Each structure stands twice: as C-alpha cells, then as structure tokens.
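# Below are the sequence and a predicted model for it; my questions follow.
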Amino acid sequence: MYSQHSYTDNELFTLISEGDENAFEMLFNAYVPRVQPVILQIVKSESVVKDIVQDVFLRLWLNRVKLADIEQPKNYIFRIVYNQSFKYLQKLIVREKAASVFELEKSSVSMEHVLDMAEVRRMVETAIQALPPQSRQIYHMNRISGFKPQEISDELGISVQSVRNSLTRSGKTIREHLEKQGIVIPMVLLMLALQ
C-alpha cells in the first residue's frame with residue numbers, strides 16, 4: 001500500500017490511468033470527504049449523495065485511460081461532481097413535471113383513455129425512423145445518448161445552430177406524426193416514452 005503523502009493528485013491520476021486500484025482507492029479516500037458536502041449543497045438530499053459519489057468515481061475509473069493527460073485533477077473531479085449533481089436535478093425536474101401532467105390528466109380523463117406507453121414508444125420510434133438520416137442521427141445523439149448540441153456539432157462537423165435547428169424540426173415532425181394518430185402529449189412525456 002502507498003503512503004497518502006507520497007503522491008500528488010497528478011501522480012495518482014497517472015497510476016490510475018495504468019489501472020492501479022490502490023492509487024484509485026487513495027484518491028477515493030482523499031476526495032470523498034471533499035465532494036460530499038458540495039453534492040449535498042447542490043441536491044439538498046443526503047440520501048442521494050452516496051449515489052452521486054459512486055457515479056462520480058465510477059466515471060473516473062471507466063475513463064481512467066484519459067487521466068494521465070489531465071493537468072488539474074481537482075478541477076476535473078469537481079467538474080464531474082457538478083455535472084452529475086445537476087444531471088440528477090434535471091431528472092428530478094422532469095419527473096416532477098411528468099407527475100404533475102399525469103395528475104392533471106387523471107383528474108380530467110377516465111382510466112380507459114390513459115395512453116399505453118408501449119404504443120406511444122412504438123409510434124415515436126416510427127416517427128424517428130421516418131426522419132432524414134442526419135436528423136435521425138442528431139436526434140438519437142441528443143435525446144437518446146444525451147449528447148449536448150456542442151458535442152454533436154463537434155462530432156458531426158456541423159454548426160451548433162444546425163444541430164439546434166435539426167432538433168427543433170425533428171421534435172415538430174414527431175409531434176405532428178403523433179397528432180395524426182390522435183395523440184397529443186407534451187414533449188416531456190415524449191422523452192419519458194423513449195426511456
């Protein structure tokens with residue numbers, strides 16, 4: 001086992017990039033007490049902190065081959081912490097919005113009119129498959145794989161505005177396809193249908 005004080009964060013990152021589990025454990029033990037309060041401050045839920053910590057360090061381990069090239073390990077770790085914490089909040093907001101939409105629908109629509117989500121998923125997939133190839137690729141990268149417009153732009157070599165325009169057109173096309181089938185649901189529920 002290594003002495004905690006004999007390695008800098010950069011050296012630990014290099015060792016971890018080579019698959020050194022002891023170095024990973026040292027980094028984990030050094031950073032968990034530092035990241036937990038930051039996560040708690042963002043998500044305001046102690047029960048979620050442990051899951052986000054695990055996710056942060058799992059991401060570090062899975063992407064370990066890149067770590068040797070990171071010049072500022074502390075900033076890198078905290079960027080992952082912020083990203084994962086805010087991703088959790090975004091999912092929470094989507095769930096809350098969906099729940100409120102379902103509550104409104106429940107109060108005004110009988111149970112026999114509730115949509116079968118499997119059927120909606122099938123219709124959405126049909127609409128996605130009907131998109132032009134590049135639009136379909138952009139839509140999948142963003143909505144299914146979670147890429148941001150800038151990442152898609154970089155990957156495909158097109159402008160960020162072109163990516164945004166394509167996503168807007170695709171969303172409109174999918175909604176129009178569903179409306180032709182007699183289904184009108186908010187985009188947030190379309191996203192849930194794809195998960």
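Received the coordinates, thanks. Residues are numbered from 1 along each chain as shown.
# shouldn't Ser162 be in contact with Gln150?
No. At 11.9 Å, Ser162 does not count as touching Gln150 under the criterion of CB atoms under 8 Å. Bear in mind the C-beta positions are built from the backbone N, C-alpha and C, glycine included.
# neighbour count winner among the two?
Ser162 (15 against 10; other CB atoms under 10 Å).
# nearest residue to the more buried one other than its sequence neighbours?
Ser153 (7.4 Å; CB to CB, 6 or more residues apart in numbering).
# and the one you found, what element?
Assessed by DSSP states H and E, Ser153 sits inside helix 149-156.
# List the buried residues of that helix.
By 16 or more other CB atoms under 10 Å, the buried positions in helix 149-156 come out as Pro149, Ile152, Ser153, Leu156.
# Using PDB, write out every CA atom in that helix.
Output in PDB follows, covering the C-alpha atoms of helix 149-156 (Å, rounded to 0.1, in the frame of the first residue of the first chain):
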ATOM      1  CA  PRO A 149     -25.600  20.300 -29.200                       C
ATOM      2  CA  GLN A 150     -22.000  21.400 -29.000                       C
ATOM      3  CA  GLU A 151     -20.800  17.800 -28.700                       C
ATOM      4  CA  ILE A 152     -22.900  16.800 -31.600                       C
ATOM      5  CA  SER A 153     -21.600  19.700 -33.600                       C
ATOM      6  CA  ASP A 154     -18.000  18.700 -32.900                       C
ATOM      7  CA  GLU A 155     -18.700  15.100 -33.700                       C
ATOM      8  CA  LEU A 156     -20.500  15.700 -37.000                       C
END
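# what's the angle from the following helix or strand past it to helix 149-156?
The helix or strand immediately downstream of helix 149-156 is helix 160-180, counting by DSSP H and E. Between helix 160-180 and helix 149-156, the angle comes out at 110 degrees (axes from the mean of the first three to the mean of the last three CA atoms, to 10 degrees).
# just how off-centre is stretch 89-97 within its chain?
Distance of stretch 89-97 from the chain centroid (CA atoms, centre = their mean, to the nearest Å) equals 12 Å.
# Can you add distance to Pro33 and pLDDT and give the buried residues of helix 149-156 back as a markdown table?
Shown next, in a markdown table, are those (distance: CB to CB, whole Å; pLDDT from 0 to 100):
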| residue | distance to Pro33 | pLDDT |
| --- | --- | --- |
| Pro149 | 36 | 89 |
| Ile152 | 37 | 91 |
| Ser153 | 38 | 92 |
| Leu156 | 41 | 91 |
